[in-house]
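> got a structure for you, letters missing:
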């Protein structure tokens, strides 16, 4: 299935791309559709692709159970560490709603970066921005836990929530 140029321009950073860059982007990515309950990828899989979530929501499943520890919504990236580091997945991602996402392989992304394709630079910036925002959120949580009157050792439930969040947000 072809990727709609309007969908491409709706993703953060891609609105500024010209038609040629959008066409190039569309030829490098594969459209993936999921229905609720279908899995995008499983924990332990060796998958070096990144996914751009355009429509719907996905749940990030905790590594030691079937409980969702986070939800990702449209216009976000999923699997960025697999693309950047080529490491096995440490979480499972399951569609919570009907989902449209685009897959880009590490090979296609690296080649686009080497060729200086504008969409690849925009995607790299979107990934960096997302990772920075997650870092700021987690740092704020750590600071809040550390500055409470009883300190973090007396807040096991909150520390467990933060652990789950770290696994969900930094481990795929």
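Now that the structure is in, tell me what you want to look at. Values in this document were obtained by computation on a predicted structure and should not be read as measured data.

> Can you tell me the element residue 53 falls in?
For residue 53, the host element (DSSP states H and E) is strand 50-55.

> Let me know the distance separating residue 44 from residue 20.
39 Å (C-beta to C-beta, to the nearest Å). All C-beta atoms are positioned from the backbone trio N, CA, C, and that covers glycine.

> just the strands in this protein please.
30-34, 39-41, 50-55, 57-61, 68-73, 76-78, 92-95, 99-104 (DSSP state E).

> Just put these in TSV and tack on mean neighbour count.
Formatted as TSV, these follow (neighbours: other C-beta atoms under 10 Å):
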stretch	mean neighbour count
strand 30-34	16
strand 39-41	19
strand 50-55	23
strand 57-61	21
strand 68-73	17
strand 76-78	21
strand 92-95	22
strand 99-104	22
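
> Let me have those in a markdown table, adding distance to residue 114 and mean pLDDT as columns.
Output for those, formatted as a markdown table (distance: least, C-beta to C-beta, whole Å; pLDDT from 0 to 100):
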| stretch | distance to residue 114 | mean pLDDT |
| --- | --- | --- |
| strand 30-34 | 20 | 94 |
| strand 39-41 | 26 | 95 |
| strand 50-55 | 17 | 92 |
| strand 57-61 | 30 | 92 |
| strand 68-73 | 29 | 82 |
| strand 76-78 | 20 | 89 |
| strand 92-95 | 28 | 94 |
| strand 99-104 | 14 | 94 |
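
> of all these, which lies closest to residue 143?
Closest of the strands of the chain to residue 143 is strand 68-73, at 20.2 Å (criterion: C-beta to C-beta).

> Brilliant, that's me finished.
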